[in-house]
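> build me a model:
(one chain, ligands or ions: 2)
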Amino acid sequence: MQEEKKLRSQDWFGKTGKDGFIYRAWMKNQGFPHHEFMGKPVIGICNTWSELTPCNAHFRELAECIKRGVWEAGGFPVEFPVMSLGETLMKPTAMLYRNLASMDVEESIRGNPIDGVVLMCGCDKTTPSLVMGAASVDLPSIVISGGPMLAGHFKGRKIGTSDVWRFAEAYKVGEMSQEEFIAAEGCMARSAGHCAVMGTASTMASMVESLGLTLPDNASIPAADSRRKTMAHMTGRRIVEMVREDLTMSKVLTRKAFENAIMVNAAIGGSTNFVIHLMAIAGRIGVELDLQDFDRLSENIPFIANIQPSGEHFFEDLYYAGGLPAVMKELSNSLNLDALTVTGQMLGENIVLSNAHNREIIASVDNPFKPNTGLAVLKGNLAVNGAVLKPSAASPHLMTHTGRAVVFEDIDDYKARIDDPDLDIDETCVMVLKYVGPKGYPGMPEVGNMVLPKKLLEKGIHDMVRISDGRMSGTGFGTVVLHVSPEAAIGGTLALVQNGDLITLDVPNRSLHLHVSDEELAERKKHWQPLELGYERGYTNLYLNHVQQSHQGADMDFLVGKSGTWKLRESH
Ligand code: FES
Ligand code: MG
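Ligands and ions are numbered 1, 2, ... in the order given. The predicted structure is shown next:
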């Protein structure tokens, strides 16, 4: 019987003599009786609670629910904090710190007497950072997400994060005042939870569920719904069993699981950030994944979850309509139903009783909201290692487009000139933004969906082709080419684009071409000066020296792979 296997935590708490004394005695200051240390599975609850990560601000209460489940199943729960990354406040971008947080998670798990882990994830980067860190240790691990906010209500209509971009345009052309902005702010985030649309947080919650790392239905239960607490309780119960079964992360995170996540992401119109984070997770656990896989696997997957920004509704509505299990049920003919999940059962077994209850929200694959959406991976001389575009959020009339480049040398240049009435630009132009990649900004911020020039918004133009080496918020939309690799900061072709160059975006043929000869590009390259990146010390210096390009997941080179739970020496 598996239970006979010696628990890792007993290398601490099971010790006799001085070492055991030190490991147990200080824990007892919390009132834990001696028998707690006698061979119960110790469950680490990895908490990203922070008042500076508003999307995760309800996590202390949620952690208590997890503990109830752990106690109930005979485990010993120990909650610990890790670096929390909030999208809204952290400058220059929470993405700069994703890898740092993953290091915190990895070492906190490995260095402590933990047999299994519950990862408490919510706001965008708190999911990949925790999964990446835990994957590099590979203990039994389960994810609980914090759940989405309830949709906001403003002036009689529902709002969510995607409206920030609509409001920004309305404000720019004077259709919305600062006073209305402040009123809308109070309506936007009216409950606990993360962004209410299919932004990156909802995408990440769906990713971990489709990877098999959560209990069924984890993704979409609203944060404010009591069933979120029940989910936490049941997650606590389950992780204790997972330790007894030795159901480690690598048994769940197989190639099949990654394929499932890619297909589900296409069906729900998930964020483009999904690509970067899934690549990084695959790198940690050691599953081969290529940028092309995202395009190939999602090619015939239609858009069947009618959630903003690609659709009309909110993430909570997905839950009421049957949740992610119902979406996966619709995809049964495509998914790897034999992928093992944290329930101990195959994905197909988990979803067998699920059904879509509302065809306004969850469509069948035969009658989808949009056909063949997925994610387009573009290549060409402008993106030798690839770039991505989300067709479901783009304009059909721009999917094949040739236009004159209007170049912004960096984000400051864009901000300074975009609303200049004399800027030589019209709706047929292609906006190009440089130096917003992993090294360039640094951290690869979500600025790729540049707001259009005021004079074009006033003309009623709401979309143009935009190209950058940056990212876009998962709540964003438009014909936006992102993640151009190699990035401008390391001398990618993007750095060499000049005003007036012609660029062709051809999504059907997956191509992104700059109409400038190789000879001319070579000549321009000779005159190109690398950016002075700065940051002579600290984490950002480490990051700049080691971060990989976006098509590789933007992880740091020395973090790829896993070290497991190698034997550690005693601390005294
Ligand atoms: Fe946290 Fe959107 S700001 S999920
Ligand atoms: Mg974001």
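
> show me which residues of the stretch 151-300 of the chain sit near ligand 1.
Within the stretch 151-300 of the chain, the positions lying close to ligand 1 (C-beta under 6 Å from any ligand atom) are 161, 194, 195, 199, 201. Just so you know, the C-beta spots here come from the backbone N, C-alpha and C atoms, and that holds for glycine as well.

> can you give me phi and psi for the first one?
This means residue 161. Here the main-chain torsion angles of residue 161 (degrees, to the nearest 10) amount to phi -60, psi -30.

> what sits against it?
188, 195, 196, 197, 199, 473, 475 (C-beta atoms under 8 Å, 6 or more residues apart in numbering).

> swap in residue 475?
Contacts here follow C-beta under 8 Å, 6+ apart; on that basis residue 475 touches 160-162, 164-165, 195, 197-200, 271, 308-309.

> hmm, back to that, also near ligand 2: which of the contacts of residue 161, exactly?
Residues of the contacts of residue 161 in contact with ligand 2 (C-beta under 5 Å from the ion): residue 473.

> got a winner among the contacts of residue 161 for most neighbours?
Counting neighbours by other C-beta atoms under 10 Å, the top entry in the contacts of residue 161 is residue 196, with 32 neighbours.

> am I right that that residue is in a helix?
No: secondary structure assignment places residue 196 outside any helix; it is coil (DSSP: H, G, I helix; E, B strand; the rest coil).

> does the helix or strand bottoming out on mean pLDDT in the chain reach ligand 2?
Sorted by mean pLDDT, DSSP states H and E, the helices and strands of the chain end with helix 162-172, the least confident at a mean of 88. No: applying C-beta under 5 Å from the ion, one finds that helix 162-172 is not in contact with ligand 2, the shortest distance being 10.8 Å.

> could you export the contacts of residue 161 as CSV, including pLDDT?
Converted to CSV, the contacts of residue 161 look like this (pLDDT from 0 to 100):
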residue, pLDDT
188, 92
195, 96
196, 95
197, 95
199, 94
473, 89
475, 83
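
> now, which of the contacts of residue 161 sits nearest ligand 2?
In terms of C-beta to the ion, no member of those lies closer to ligand 2 than residue 473, at 4.5 Å.

> for the residue lying closest to the closest one once chain neighbours are set aside, list the residues it contacts.
Of all residues beyond its chain neighbours, the one nearest residue 473 is residue 446 (4.3 Å), with distances taken as C-beta to C-beta, 6 or more residues apart in numbering. Neighbouring residues of residue 446 by C-beta under 8 Å, 6+ apart: 93, 95, 470, 471, 472, 473, 476.

> over to residue 498?
Taking C-beta under 8 Å, 6+ apart, one finds 405, 407, 524 in contact with residue 498.

> show me just the buried residues among those.
Burial of the contacts of residue 498 was assessed by neighbour count (16 or more other C-beta atoms under 10 Å); the buried members are 405, 407.

> which residue ranges make up the domains of the chain?
Following automatic domain parsing, one finds the domains of the chain at 40-150+191-343, 376-535+543-550.

> just the CA atoms of the longest helix along the chain, as CSV, please.
Criterion DSSP state H: the longest helix present in the chain is helix 226-245. Coordinates of the C-alpha atoms in helix 226-245 are reproduced here as CSV (Å, rounded to 0.1, in the frame of the first residue of the first chain):
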residue,chain,number,x,y,z
SER,A,226,-20.1,30.1,-1.7
ARG,A,227,-19.3,27.2,-4.0
ARG,A,228,-15.8,28.7,-4.4
LYS,A,229,-15.3,28.0,-0.7
THR,A,230,-16.6,24.5,-1.1
MET,A,231,-14.2,24.0,-4.0
ALA,A,232,-11.4,25.1,-1.7
HIS,A,233,-12.5,22.7,1.0
MET,A,234,-12.6,19.8,-1.5
THR,A,235,-9.2,20.8,-2.9
GLY,A,236,-7.8,20.5,0.6
ARG,A,237,-9.3,17.1,1.0
ARG,A,238,-8.0,15.9,-2.3
ILE,A,239,-4.4,16.9,-1.9
VAL,A,240,-4.1,14.7,1.1
GLU,A,241,-5.2,11.8,-0.9
MET,A,242,-2.9,12.8,-3.7
VAL,A,243,0.1,12.6,-1.4
ARG,A,244,-1.0,9.1,-0.3
GLU,A,245,-1.3,8.1,-4.0
